[in-house]
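Turn this into a model:
(chains A and B)
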Amino acid sequence: MQVRSTINGASKFSEGARLVAVFSVLALVQLIPATRAEAQTAVDPGPRGAPVGAGGFVSGLNTYQQQIETPMTSFIEEVNVVAGGTSTKRVGLGARFDSNACTSCHAGVSGTSKVVAGGSSLASNPLFGVYQLMGDQNTMPYFETTAGPTVVARFPYQSDGVTPDGHVHQLFVITGRTDAGTCNISQPDFAGQPASNIIFRNTTPFFGGGLMEIIQDSDIIANMNSNLSQKRADGITGHPNYNADDGSITRFGWKAQKRSLMLFAGEAYNIESGISNEIFPNKTDETVGCTPPMPDGPPNGNGPHGVPDDRSDFANPDTAGYLYPGDPERFGIYGRILAAPTPACAIGQNCSSCPGGGSCANGYTQFNAVGCNLCHTQSFTTPPSSVAALSNQKVNIFSDLLVHDMGSCDADNVTQGQATGDQFRTAPLWGVGQRFFFMHDGGLNRHGGPGTNVVQAIEDHFCAANSPYPASEANAVVNAFNALSQTNQQDLIDFVRSL
Amino acid sequence: MTSYFKGSSPQPGEGGFMDRRMTQHRRGKMTRMSKLISAVAIASAAALTLSSGSALWAQVTDPGVRGGPAGAGTFQATLTQFEQESECPGQQTFVQTVGVPVGEVTNNNCAGSPYPVVIQSGGLGPAFNSNSCSSCHAQPAIGGSSPPSNPLFGVYNLMGAKNGMPFFESKTGPALVARFPFQLNDLSLPDGFVHQLFTIAGRSDATACPTLGQPNFAKASTNKDLALRQPLPVFGDGYIEIIQNVDIINNLNANLTQKQALGIGGVAQITDDGSVSRFGWKAQWRAILPAVGAEENIELGLTNEMFPTETNQNIKACATINAVPEDASNYQYWSTNQGAWNFDANSGRNAIFIRFLEQPTPACAIGQDCSSCPGTGGCANGYTQFNTVGCNLCHTVSFTTPAGSIPSMGHVTTNLLSDLVLHHMGPCLADNVTQGSAQGDMFRTPPLWNVGQRYFFMHDGRTTNIVTAIEDHSSIVTTCTGNSQYQASEANAVVSAFNALSLTNQQNLVNFLRSL
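Next up is the predicted model:
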């Protein structure tokens, strides 16, 4: 593990040099129109400061919905244990897990010193406060660094190197924890995986998720079919990822693999925290001694009784209604009433908070002029919603909610639904001004270290065709960006950081 | 990019669709009967060549849907008081008939409930297959399979709806839903989704949606692009969803020598978290709750917190009649002393209702004789023969649940008679629909509990005769044209072994099945 950290550190130091080398190789290999135009020297002003503009609730909620804001917030901030404590709703961690609370990873928003539930990776990796809690015996995988993104790991292929895997392999185990009884299992051998068979994913925020989940499929399709001549000229296509059940367009996650907040939550509880629930009712590791009932842990003897760890609460019909559903439903409610991020300046306008002292208005113009908006579609309007506050809202998500070929440079070789190995959902850019890490891997796969620079992130959208993957659909747009004057580039960057 | 939206509106002047289809259907049925006779002849010949015994299966008779106590549809007996009090609010959502407008009704059907039960109503369509869960999940009790009389004939033209009845539905047939394996307008592209039978157009409670066409099932049929599926019962699903993955995999890997000798493989359908997906004809669902969410939207058109937008958005006025999701958490019951369940969405309550349904009780205890053994009896010997010929290699008799967080559901032996994994079933059963790792010819071994009380068999309800259903497992005995890309059915050797049994043993085996 020590050795690995050193290797990682070394690759971080050499990142700049490697980047230059990659650029020259690209310049040689690519033919028109895939040649990368010379990049200018725009500077990332960094994660913007005030106003925070994230983590609040949708305005216009009715009295009842407002009443549950506080209890839902404390629920989402719960720290889970294997056994013990006073709440049956907080037990069930592990046997394998990535973290012990939703808000350890969905937490980061620049410009605030406190956790903002619903965000992305914190500037300081929270897993270092988790992995050895309560006597836990984990070693920290080499790719996690204190100042790096919180990432989870997937292995594209099984050990034969051919059979697809693609699942998350949890970072940690509960072995050694004082509440983990005799459970004795080992972490995956991350260090022993070939570099080609381990891929990382950074945390996505879910602010505004309630608005996103009800956008009509017909509107997504209509947007996909708009500006076709311009898209074709730029080599942009894109297609939806579909849910296998009702045929609707899935839209959450790096590959648009999840349809709704509630379904996402069910999966995240079990995959990230190991808490089986009414959507995924069994443990991800069923080794004897590691499944409930676990011995009662300290201090109050509240061991989980069996699977699913989390379920509807049949304690008493007199209890508050919001305590009745299982956690995926309650997470869905929390995410649903969480407001969309508010940008520093109104979209398309200048204001004194525009980061870097630039012109956010001109930056927005350039954003559209070079064609960023062909995939990062500025807005959709929601249909009438049964949560009235979500109805008929113009939401500035900056995403078409489709998946696109991004080329071999970013390909992770994981197929999820209709999203193949080099395809990713256009990441919504709302809130991007306050993010610390960029791209699905937070920079780790592509650069060997944290990707914290939004200018680099733009350049990372470029990739020449390289079998088996086609060229990135973003190539022409990145070239157009690189062809802008330095002022226009900088304004565009400042606009992005205003979001 | 091909349009995602399913189906196509009827073309102008396409009147008479119904009559033409029905005529073809009747003709088709007659043709099938003669095909069956020839299949029987072929089967006998095949059986003769495959075994030294005489081929007597044609003389075995299905004693039919068994009588006696339903033994299904009751709740688990050992639930706590509040768990029991949560049953009825769920049941009331399962049995309600939904119309288009969304509303809320206070329901007084839950005697003994300490609080009024508030039910969210409405949300039907714009496209739908039926208007109530219990219309199709009905036999022999609420939560079951297709009733003997097709409920859709009481649904399709309710309240002025202008639907034609698709040709493949018949009054005494199973309630079927339709999938198009490939896209209707481009057979080179996969589809596989359910295309709802009906729309709300014309209903007096849907005046904002005067026109919305049904899919062109006739065209799909002409294209041989129509896959039909009948409802599965949900009894005992609360146990199935917590069976450990490791137990399913260990069972898959048990008796390998015998399985391999008989050509039996099997593949688990692995889902997002690495667990074994296990509900539905292709094991496409992992758990009750997400299956309920999908089914609410697919079958009723009832959008919910898992599937929040309408399946048919062809006409905006129809897709936006109601705010979405139509079925949602009922925020006004967030507080105390209001009946905690009233906060829960219908989807959550439905899942609780299903979770608490007891596993079906057979007419005789498994492996034993009793006076209720159907037909000529011999359930004990029938069970022996069931295992002898190898039915149990896929229709695994039982699993035991692990410790349950609902304690009474833990450590329960469940006689589901399924291994919960997928098998190749040959060209004649293949429906060309791929769902996850289930390819076009693969199906989950359906649990046989309660099969004694079912009217229709196989995924598409192709027969009412359980003996025919056994034979339909074989791609030797049953022959068909097309689908030659698929391998032989994994059940061939076992069906041949069944056909080689003495008539008495065959009949006892069939009687045993009908005792379930």
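
middle-most residue in chain A, spatially?
Centroid-nearest residue in chain A: A:Thr204, 1.9 Å away (criterion: C-alpha atoms, centre = their mean).

Excluding residues flanking it in the chain, which one is nearest the one residue in the stretch 201-350 of chain B that gets nearest to chain A?
Minimum separation of the stretch 201-350 of chain B from chain A (C-beta to the nearest C-beta) falls at B:Phe343, amounting to 2.7 Å. The way it works is simple: take the backbone N, C-alpha and C, and place the C-beta from them, glycine included. In space, and not counting its chain neighbours, B:Phe343 is closest to A:Gly321: 2.7 Å by C-beta to C-beta, 6 or more residues apart in numbering or on different chains.

Model confidence for the one you found, exactly?
At A:Gly321, the model reports a pLDDT of 94.

How about A:Thr6?
At A:Thr6 the predicted local confidence, pLDDT, stands at 28.

Next: A:Gln490.
pLDDT, the model's per-residue confidence, is 97 for A:Gln490.

can you give me the helices in the stretch 351-500 of chain B?
Residue ranges of the helices in the stretch 351-500 of chain B, as given by DSSP state H, counting those that start in this stretch, are B:379-389, B:466-472, B:492-499.

Tell me which of those helices approaches A:Tyr469 most closely.
Evaluated with C-beta to C-beta, the helices of the stretch 351-500 of chain B place helix B:492-499 nearest to A:Tyr469, the distance being 42.0 Å.

pLDDT averaged over that closest one, what's the number?
The predicted model gives helix B:492-499 an average pLDDT of 98.

tell me which strands and helices it is in contact with?
For helix B:492-499, the contact count by 3 or more C-beta pairs under 8 Å, 6 or more residues apart in numbering or on different chains; DSSP states H and E identifies helix B:17-50, helix B:256-262, helix B:379-389, helix B:466-472, helix B:503-515 as packing neighbours.

How are the helices of the stretch 51-200 of chain B distributed by residue range?
Defined through DSSP H, counting those that start in this stretch, the helices belonging to the stretch 51-200 of chain B, from first to last, are B:81-85, B:87-95, B:133-136.

rank those helices by pLDDT, which is bottom?
Taking each of the helices of the stretch 51-200 of chain B in turn, the lowest mean pLDDT turns up on helix B:81-85, with a mean of 92.

what's near enough to touch the closest residue to B:Cys88 other than its chain neighbours?
Spatial nearest neighbour of B:Cys88, excluding adjacent residues (C-beta to C-beta, 6+ apart): B:Cys110 at 3.7 Å. Remark: with contacts taken as C-beta atoms under 8 Å, 6 or more residues apart in numbering or on different chains, B:Cys110 is in contact with B:Cys88, B:Pro89, B:Gln92, B:Val117.

any idea which of those is closest to B:Glu310?
Using C-beta to C-beta, B:Gln92 comes nearest to B:Glu310 of those, at 24.1 Å.

How many residues are close by residue 67?
Assuming you mean chain A. A:Gln67 has 17 neighbouring residues, counting by other C-beta atoms under 10 Å in any protein chain shown.

You answered for a different chain; I wanted chain B.
A count of neighbours around B:Gly67, defined by other C-beta under 10 Å, yields 13.

what about it, distance to B:Gly452?
Counting by C-beta to C-beta, to the nearest Å, the gap between B:Gly67 and B:Gly452 amounts to 10 Å.

To A:Asp160, which of the helices of the stretch 351-500 of chain B lies closest?
Each of the helices of the stretch 351-500 of chain B was scored for nearness to A:Asp160 using C-beta to C-beta, and the closest is helix B:492-499 (29.8 Å).

and the closest one with helix B:379-389, angle?
Helix B:492-499 and helix B:379-389 are oriented at 140 degrees to each other (axes from the mean of the first three to the mean of the last three C-alpha atoms, to 10 degrees).

For the chain, give me the ranges with low pLDDT.
This is for chain A. When residues are selected by pLDDT under 70, those of chain A lie in A:1-40, A:298-301.

The intended chain is chain B.
Flagging of chain B using pLDDT under 70 yields the residue ranges B:1-58.

export the helices of the stretch 51-200 of chain B to TSV and tack on mean neighbour count?
Written out in TSV, the entries for the helices of the stretch 51-200 of chain B read as follows (neighbours: other C-beta atoms under 10 Å in any protein chain shown):
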stretch	mean neighbour count
helix B:81-85	17
helix B:87-95	23
helix B:133-136	24
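
could the ones you listed go into a markdown table alongside distance to B:Leu357?
Shown next, in a markdown table, are these (distance: least, C-beta to C-beta, whole Å):
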| stretch | distance to B:Leu357 |
| --- | --- |
| helix B:81-85 | 12 |
| helix B:87-95 | 9 |
| helix B:133-136 | 12 |
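
what does the stretch 351-500 of chain B have sitting close to chain A?
Listed as neighbours of chain A in the stretch 351-500 of chain B under the rule C-beta under 8 Å from any C-beta of the partner chain: B:Ala351, B:Ile352, B:Pro402, B:Ala403, B:Gly404, B:Ser405, B:Ile406, B:Pro407, B:Met409, B:Gly410, B:Gln435, B:Gly436.

give me that answer again for 7 Å
Contact residues, the stretch 351-500 of chain B versus chain A (C-beta under 7 Å from any C-beta of the partner chain): B:Ala351, B:Ile352, B:Pro402, B:Ala403, B:Gly404, B:Ser405, B:Ile406, B:Pro407, B:Gly410, B:Gln435, B:Gly436.

what's the burial count for residue 290?
In the absence of a named chain, chain A is used. By other C-beta under 10 Å, the residues close to A:Cys290 number 23.

that's the wrong chain, I meant chain B
Neighbour count for B:Pro290, taken as other C-beta under 10 Å: 28.

which residue packs closest to it, ignoring adjacent ones?
B:Pro290 sits nearest to A:Ile279 (C-beta to C-beta, 6+ apart), 5.4 Å away.

Check the gap between the one you found and A:Gly451 for me.
Look at A:Ile279 and A:Gly451: by C-beta to C-beta, they are 32 Å apart.

neighbour count winner among these two?
Set side by side, A:Ile279 and A:Gly451 show unequal neighbour counts under other C-beta under 10 Å, the larger going to A:Ile279 at 32 against 24.

Now do the contacts for that one.
Taking C-beta atoms under 7 Å, 6 or more residues apart in numbering or on different chains, we find A:Ile279 in contact with A:Leu263, A:Gly266, A:Glu267, A:Pro328, B:Ala287, B:Leu289, B:Pro290.

try 10 Å this time
Neighbour list for A:Ile279: A:262-270, A:308, A:310, A:326-329, B:241, B:272-273, B:286-291, B:293, B:306, B:351 [criterion: C-beta atoms under 10 Å, 6 or more residues apart in numbering or on different chains].

what about B:Ile321, which helix or strand?
When elements are assigned from DSSP states H and E, B:Ile321 belongs to no helix and no strand.

That one: neighbour count?
One way to gauge burial is a neighbour count; for B:Ile321, by other C-beta under 10 Å, it gives 24.

how about the closest residue to it other than its chain neighbours, secondary structure?
By the measure of C-beta to C-beta, 6+ apart, the closest residue to B:Ile321 outside its immediate chain neighbours is B:Ala208, 5.2 Å from it. The local conformation at B:Ala208, judged by DSSP: H, G, I helix; E, B strand; the rest coil, is coil.
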